[in-house]
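K.L.:
coords please:
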Amino acid sequence: MLRSVLMGAVAGARAMTPLAALAATRGGTRAPVLSAGSLLLAAGELAGDKQRAAPDRIVPAGIAGRLVSGAIAGAACARRGDRVAGALVGAAAAIAAAHLTFRLRQAATRRWGQTASGLIEDGLAVASALALARR
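P.N.:
From the prediction side, this is the model:
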């Protein structure tokens, strides 16, 4: 269940990154269209995050996307009999992490700027998601 919580937390920072990591490491050859699509969406999110016009991750649409992503990723990381619980803890972790990472990112942006702080957050999110997806 810990992996479900942690993957949900990654979804709080970058909504598409956990899904892309899971698709790339688990379903890349079985579902190449899904894998490629999720990678493209994740890349778009990473690029869009650096734009000044990017909406805050804690607006309702951003929270909803993170909740769904956290639930899917949490379920995927859970054992077969624990998928519902994995989805619930993944969703909860995504919402909590969205608020936490939003505050941390605001502070980092004031200190290092939007692009640098975003790139650091990207690196942490991608590395964490890949490590969790690979088990």
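K.L.:
going forward, measure contacts and count neighbours with C-alpha atoms only.
P.N.:
OK.
K.L.:
pLDDT weak spots in this protein?
P.N.:
Residue ranges of the chain with pLDDT under 70: 27-31.
K.L.:
Show me the helices in it, by range?
P.N.:
2-13, 17-26, 32-48, 60-77, 83-112, 114-133 (DSSP state H).
K.L.:
which helices and strands sit right next to the first one?
P.N.:
To tie it back to what came earlier, the one meant is helix 2-13. helix 17-26, helix 60-77, helix 83-112, helix 114-133 (3 or more CA pairs under 8 Å, 6 or more residues apart in numbering; DSSP states H and E).
K.L.:
related to what we said a few turns ago, from the helices of the chain, which stretch is densest packed?
P.N.:
For the helices of the chain, the largest average neighbour count (mean count of other CA atoms under 10 Å) is found in helix 2-13, namely a mean of 29.
K.L.:
Which residues are in contact with residue 78?
P.N.:
By CA atoms under 8 Å, 6 or more residues apart in numbering, the contact set of residue 78 is 1, 3, 4, 85, 86.
K.L.:
Mind putting the helices and strands packed on helix 2-13 into TSV with distance to residue 42?
P.N.:
Putting these into TSV (distance: least, CA to CA, whole Å) gives the following:
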stretch	distance to residue 42
helix 17-26	5
helix 60-77	12
helix 83-112	16
helix 114-133	10
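K.L.:
Out of those, which gets nearest to residue 44?
P.N.:
Each of the helices and strands packed on helix 2-13 has some distance to residue 44 by CA to CA; the shortest is helix 17-26, at 10.4 Å.
K.L.:
can the helices of the chain go into CSV with extra columns for distance to residue 54?
P.N.:
Formatted as CSV, the entries for those read as follows, by distance: least, CA to CA, whole Å:
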stretch, distance to residue 54
helix 2-13, 14
helix 17-26, 17
helix 32-48, 6
helix 60-77, 11
helix 83-112, 13
helix 114-133, 11
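K.L.:
about what we covered before: could you take the contacts of residue 78 and lay them out as JSON lines, with extra columns for distance to residue 72?
P.N.:
JSON lines is the format used below for the contacts of residue 78 (distance: CA to CA, whole Å):
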{"residue": "1", "distance to residue 72": "13"}
{"residue": "3", "distance to residue 72": "12"}
{"residue": "4", "distance to residue 72": "9"}
{"residue": "85", "distance to residue 72": "11"}
{"residue": "86", "distance to residue 72": "9"}
